[in-house]
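Peer 1: okay, predicted coordinates and the sequence, questions at the end:
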Amino acid sequence: MSRKKVISTARQYTNFTFNRLSAGNSLVIIFADMFSTTAQLILILSLFVTLVLLFYYLFFFARLAFFKNKTVEVLPELPPLSTIICAKNEQYNLEKNVPELLQQQYNAPAELLLVNDNSEDDTRHVMQWMARDNPALRLVNIDRKNKESIGKKYPLSIGILEAKYDHLLLTDADCLPVSHQWAAKMASTYEPGIDIVLGYGPYEKHPGFLNKVIRYETFHSALQYLSYALAGHPYMGVGRNLSYKKDLFTKHRGFASINHIPGGDDDLFISKAANKNNTAIMIEADAHTMSVPKKTWADWKRQKTRHYSTSKYYKFKHKFLLGLYSLSQFLFYPLLIATAVIYSWPIALATLGVKSVIQYLVFSGAMKKLNEKDLVRWIFLMDLWMMVYYLMFANTLWKKEKKTW
């Protein structure tokens with residue numbers, strides 16, 4: 001091989017090697033830029049989600065944490081009141097709870113109206129037996145089913161139409177007021193312009209993690225609907241402890257627009273009828289009603305699935321506010337971990353610290369307001385649990401509703 005040819009071949013090899021190295025360096029730079037961009041994007045998303053949660057804590061939930069009832073003492077002159085309970089196969093709960101309900105200390109005309117909805121047990125006979133010596137107890141028996149109305153709404157509508165008085169107080173057969181001042185406290189919240197009073201209905205304390213989950217979820221739901229009401233965006237109440245006026249019910253044609261939906265007698269009706277001016281809340285401990293929680297995970301999941309099946313029918317603004325908060329809760333910890341791993345763990349740690357301090361102050365304050373002090377030490381564990389919770393009930397957004405109550 002001639003000397004010129006050797007030199008030419010060497011140059012070609014050198015150029016080829018240099019080009020390969022240049023290409024390799026370019027790929028490294030591209031991947032490095034992509035990694036840096038991804039890390040920055042994750043950081044931005046993590047900080048955005050944190051800011052969203054802080055907004056909810058400080059703008060909405062702090063209102064409940066630092067709320068003071070305007071009406072502390074029972075008013076000397078209470079409005080006449082009809083307390084309504086709809087019962088379907090509830091003979092044992094009625095035997096246990098109705099005598100206590102009749103002990104309410106209410107210094108105005110009042111009635112307890114029991115609506116028996118096609119019960120197949122001895123509910124009718126139990127109700128008749130209790131009404132014999134109690135003139136304040138009235139009975140309504142429903143022996144036919146309404147094909148146009150699904151769930152509890154038809155018997156409740158009958159009860160409301162049969163009620164003697166304009167001010168209505170609603171609870172369930174398995175609920176028990178925690179004091180004899182429950183009705184008086186709820187009714188004392190009414191003032192000129194108020195048509196709806198939202199109450200709180202916690203569950204009994206029992207050993208076990210499931211009980212903590214049930215009670216925390218109940219608190220967390222109340223934290224939202226009570227805070228939203230205080231912020232001028234009422235969207236639901238709970239049928240275990242709810243009061244509104246009969247003329248409000250008739251004005252909005254009752255449940256006519258939601259008869260085809262199994263649930264909604266408490267949340268969808270309130271969403272339709274409530275506004276920032278006509279809604280108040282009553283959260284004093286004496287005004288709570290207590291319920292017996294489910295004992296198994298399967299029973300609890302069925303109960304919650306039924307409750308959440310109506311959320312798809314909320315107004316757009318309520319779905320947006322609730323959805324943004326839930327999504328932010330769900331994404332917070334995965335984004336925080338990703339930030340710590342691929343960007344900066346000090347920034348992730350600082351983000352967690354700020355969020356946790358503010359959340360603790362607001363949530364613990366609200367728990368004390370709702371007489372749930374023992375849940376304070378569970379705040380952060382339950383905050384992690386909520387990711388699992390959202391996954392469990394995500395399918396309720398499209399699942400077909402059960403047509404019973």
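Peer 2: Right, received. Where do you want to start?

Peer 1: the residue nearest the centre of the chain and Phe209, how far apart?
Peer 2: Here the mean C-alpha position of the chain is nearest to the C-alpha of Ser221 (Cα atoms, centre = their mean), at a distance of 2.5 Å. From Ser221 across to Phe209, the span is 19 Å (Cβ to Cβ, to the nearest Å). C-beta coordinates here come from the backbone N, C-alpha and C atoms, glycine included.

Peer 1: element containing Asn141?
Peer 2: In this assignment (DSSP states H and E), Asn141 forms part of strand 137-142.

Peer 1: partner strands of that strand, with direction?
Peer 2: strand 110-117 (parallel) (DSSP bridges).

Peer 1: for the helix or strand just after the strand it pairs with, name the packing helices and strands.
Peer 2: Using DSSP H and E, the helix or strand that follows strand 110-117 in sequence is helix 123-131. For helix 123-131, the elements it packs on are helix 91-101, strand 110-117, strand 137-142, judged by 3 or more Cβ pairs under 8 Å, 6 or more residues apart in numbering; DSSP states H and E.

Peer 1: most tightly packed of these?
Peer 2: Of all the helices and strands packed on helix 123-131, strand 110-117 has the most neighbours on average by mean count of other Cβ atoms under 10 Å, namely a mean of 23.

Peer 1: any buried residues in stretch 190-200, and which?
Peer 2: 190, 195-200 (16 or more other Cβ atoms under 10 Å).

Peer 1: next: stretch 363-382.
Peer 2: Quick answer for stretch 363-382 (16+ other Cβ under 10 Å): 363-367, 369-370, 372, 375, 378-379, 382.

Peer 1: same deal with stretch 156-167?
Peer 2: By neighbour count on 16+ other Cβ under 10 Å, the buried set for stretch 156-167 is 156-160, 163, 165-167.

Peer 1: identify, from those residues, the entry nearest to Tyr225.
Peer 2: Nearest to Tyr225 among the buried residues of stretch 156-167: Leu156, at 19.2 Å, using Cβ to Cβ.

Peer 1: strands of this structure, residue ranges please.
Peer 2: Secondary structure of the chain (DSSP state E): strands located at 81-87, 110-117, 137-142, 167-172, 175-177, 196-198, 242-245, 279-281, 289-291.

Peer 1: columns mean pLDDT on top of those, output as JSON lines?
Peer 2: Converted to JSON lines, those look like this (pLDDT from 0 to 100):
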{"stretch": "strand 81-87", "mean pLDDT": "96"}
{"stretch": "strand 110-117", "mean pLDDT": "96"}
{"stretch": "strand 137-142", "mean pLDDT": "94"}
{"stretch": "strand 167-172", "mean pLDDT": "97"}
{"stretch": "strand 175-177", "mean pLDDT": "96"}
{"stretch": "strand 196-198", "mean pLDDT": "98"}
{"stretch": "strand 242-245", "mean pLDDT": "98"}
{"stretch": "strand 279-281", "mean pLDDT": "97"}
{"stretch": "strand 289-291", "mean pLDDT": "97"}
